[in-house]
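Colleague: What shape does this take:
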Amino acid sequence: MVEVDHVDLAISPARAWEIVRHANLARGRLTRALFKIRTLPDRIRGKIEELALRVDDLRSTPERPGFQILADEPREVVVGAIGKVWKPTIPFAHVAPDAYAAFAEPDFVKVAWAISVSPLGAEGSRVTIEVRVDATTDAAWRKFRRYFRVIGIGSHFIRRSLLAELAREHGRPAWRDDERPIAGDSLLPDARYATTHAITIAATPEAIWPWLVQLGCHRAGFYSYDVLDNGGERSAREVHPELQRLEVGQVLPATPKGTDGFEVLAIDPNRSLVLGGLYDLDTNQQRPFAAARPRHFWQTTWAFELEPLGPMMTRLRARGHAAFSDSARPHAAWMSRAHDVMQRAQLRNLARRVEGRVRRDDWHDVVEGAGGAAVMIGAMVTPFRRGSRTRWGLDEAAAERAYPGDDFVPEPRWMWTHAVEIDAPPDRVWPWIAQLGADRAGFYSYQFLENLAGCNVRNAETVHEEWVRSDGAPLSLHPKLPPFEVETRPNEWLLARLDIDETCASWLVYLEPLGPGRCRCISRYRCVTSSDLASRIRLGPALLEPISFAMDKRMLAGIKRRAERARAAAAAGA
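Modeller: Below is the predicted model of the structure:
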């Protein structure tokens with residue numbers, strides 16, 4: 001487990017370091033109250049005499065084991081302990097700092113946290129607290145997980161309260177975001193409405209810029225509330241290479257339906273991006289931004305500016321301007337409030353993406369997983385439809401013809417062949433197939449259900465060249481299952497085979513050309529197991545066929561959606 005919190009202070013790094021390294025950090029009332037509750041058993045036993053949190057006081061000895069300094073570098077200190085933290089009175093284990101990482105005695109949890117200070121602009125500083133937790137055994141990790149479900153909220157709240165107390169005492173940097181001119185200000189000098197939002201991101205401008213360039217509906221979304229501004233489709237969680245080409249005059253769609261959107265007004269790579277629009281309220285149509293204003297109009301600019309604050313710190317400002325006719329005043333009243341809410345969410349979510357803090361499964365995945373579970377249940381209660389499901393997407397003749405790999409399992413105990421037609425040529429579809437795997441791009445299926453089963457996958461949104469499989473690279477379905485051996489013929493098929501413990505299985509993903517720019521993607525599975533009851537139940541169709549039907553059907557739809565979207569984006573860019 002890794003958790004990171006930070007606060008920006010209006011004091012020099014040297015002053016901030018002196019405070020966090022040597023001062024009592026538990027000074028706030030709320031922090032002290034929570035600290036009292038957590039340390040009550042130790043205080044009753046007299047193990048804690050003074051309610052203070054100073055790094056200097058953290059020492060571990062064989063007689064009184066506990067937290068100790070593991071590393072002390074310029075402007076960063078690391079503190080750690082080893083113990084059974086789920087117990088009211090924690091039994092700690094004492095080890096020398098240089099033996100901490102190698103400690104492996106069963107049934108213990110290792111907790112380490114680091115406080116670091118980094119420069120922020122000319123006069124400010126950022127204080128970061130990073131907490132890392134690991135366990136020496138799976139059993140200890142399960143105990144910690146149960147414990148942390150209860151204590152975790154308070155633990156995180158103490159850290160946030162501690163950082164907030166530092167901000168109250170020493171102030172936050174006076175960024176003056178509203179007062180500073182940024183790109184695009186001069187494009188709408190008579191704006192009646194202006195608002196500026198900003199966030200500091202732990203990344204370079206070069207790392208943030210690609211996320212801005214791909215904004216737009218039917219593109220990467222807006223990273224805000226997708227239900228409201230992206231038709232419910234999740235905003236991208238990866239940088240999409242096919243969306244990185246942007247030109248002045250290009251219109252980025254603002255809604256799922258229609259062609260109106262944000263016109264690209266100015267581009268300064270890695271520095272600023274200015275979008276805008278002029279809208280005729282009588283005809284409900286968009287006009288070129290530089291055109292004459294109609295009688296009833298709404299005209300906006302939306303500018304993003306990146307200011308580097310240090311080697312790995314950037315201030316991102318987003319400024320909205322709006323000019324409008326008197327008839328649009330009611331529209332402006334609610335639009336300004338909606339923009340504030342959406343803009344704050346956009347900056348938060350953008351920072352999470354850039355910094356790699358996006359959750360593996362979000363609400364989209366949970367909802368989709370519930371739909372997938374419903375499909376499985378429906379298939380389980382309709383075994384009489386198994387025959388039709390085994391050749392979903394294909395006619396009987398196409399399903400029964402021979403395919404590569406059939407000779408590996410010539411007489412399967414059970415099998416299925418599913419297919420989907422894709423509006424993209426085989427060479428555009430192949431990279432998505434070649435990177436399949438739990439340890440690579442996932443399976444483009446119900447990610448939440450796969451992770452519920454322990455697969456630890458994240459379905460890729462783009463092609464990762466380093467994951468594209470060549471002959472000999474195994475295919476992993478689950479971290480705890482033996483991998484399949486793989487044979488490939490690029491742009492034609494991928495064949496995965498497994499032969500272990502009297503179980504033989506083959507899985508073929510086959511691309512069949514259907515004409516210029518189109519193909520059919522076929523997924524074919526064949527399996528034979530021993531005849532004992534346990535194997536027939538565990539590996540037979542009664543249990544696995546409903547699950548496989550739902551997951552495989554979703555996988556084919558995922559391949560189709562990705563290949564067609566990438567092709568459309570590439571065509572639009574060209």
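Colleague: and the gap between the nearest residue to residue 366 once chain neighbours are set aside and residue 339?
Modeller: Spatial nearest neighbour of residue 366, chain neighbours left out: residue 448 (5.3 Å); criterion: Cβ to Cβ, 6 or more residues apart in numbering. In short, each C-beta sits where N, CA and C put it, glycine included. With distances taken as Cβ to Cβ, to the nearest Å, residue 448 is found 32 Å from residue 339.
Colleague: swap in residue 463?
Modeller: Relative to residue 339, and taking Cβ to Cβ, residue 463 is found at 35 Å.
Colleague: for residue 74, same thing?
Modeller: Going from residue 74 to residue 339 by Cβ to Cβ gives 43 Å.
Colleague: Which of the two has more residues huddled nearby?
Modeller: The residue with more neighbours, out of residue 74 and residue 339, is residue 339; 20 against 8, by other Cβ atoms under 10 Å.
Colleague: give the contact list for that one.
Modeller: Residue 339 sits next to 195, 320 when contact means Cβ atoms under 8 Å, 6 or more residues apart in numbering.
Colleague: any idea where the helices of this protein begin and end?
Modeller: Taking DSSP state H, the helices of the chain run over residues 13-22, 29-38, 40-44, 138-170, 205-213, 226-229, 329-354, 363-380, 386-389, 396-400, 426-434, 447-452, 533-539, 541-573.
Colleague: closest one to residue 57 among these?
Modeller: Residue 57 lies closest, by Cβ to Cβ, to one member of the helices of the chain: helix 13-22, at 10.1 Å.
Colleague: could I have that closest one exported to PDB, CA atoms only?
Modeller: The C-alpha trace of helix 13-22 is given here as PDB (Å, rounded to 0.1, in the frame of the first residue of the first chain):
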ATOM      1  CA  PRO A  13      12.600  25.000   1.900                       C
ATOM      2  CA  ALA A  14      15.200  25.500   4.600                       C
ATOM      3  CA  ARG A  15      12.600  26.800   7.100                       C
ATOM      4  CA  ALA A  16      10.100  24.100   6.200                       C
ATOM      5  CA  TRP A  17      12.700  21.400   6.700                       C
ATOM      6  CA  GLU A  18      13.700  22.700  10.100                       C
ATOM      7  CA  ILE A  19      10.100  22.500  11.200                       C
ATOM      8  CA  VAL A  20       9.200  19.000   9.900                       C
ATOM      9  CA  ARG A  21      12.600  17.500  10.900                       C
ATOM     10  CA  HIS A  22      12.900  18.800  14.400                       C
END
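Colleague: Give me the residues contacting it.
Modeller: Contacts with helix 13-22, where a contact means Cβ under 8 Å, 6+ apart, come from 9, 54-56, 75, 77, 115, 117-119, 125, 127, 166, 170.
Colleague: Which ChimeraX command selects the buried ones in the residues you listed?
Modeller: Buried residues among the contacts of helix 13-22 (16 or more other Cβ atoms under 10 Å), as a ChimeraX selection:
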select :9,55,75,77,115,117,118,119,125,127,166,170
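Colleague: Looking at the contacts of helix 13-22, which are in strands?
Modeller: Members of these lying in strands (criterion: DSSP state E): 9, 77, 115, 117, 118, 119, 125, 127.
Colleague: With respect to residue 148, which of those is nearest?
Modeller: Closest approach between the ones in strands among the contacts of helix 13-22 and residue 148, by Cβ to Cβ: residue 115, at 20.8 Å.
Colleague: Am I right that that closest one is in contact with residue 77?
Modeller: Yes. In this structure, residue 115 is within contact of residue 77 by Cβ atoms under 8 Å, at 5.5 Å.
Colleague: what's the overlap in contacts for these two?
Modeller: Between them, residue 115 and residue 77 share the contacting residues 21, 55, judged by Cβ under 8 Å, 6+ apart.
Colleague: quick one on the thing from earlier: residues near the residue nearest to residue 366, how many?
Modeller: By the measure other Cβ under 10 Å, the count of residues near residue 448 is 21.
Colleague: Give me the distance between it and residue 455.
Modeller: Distance, residue 448 to residue 455, using Cβ to Cβ: 10 Å.
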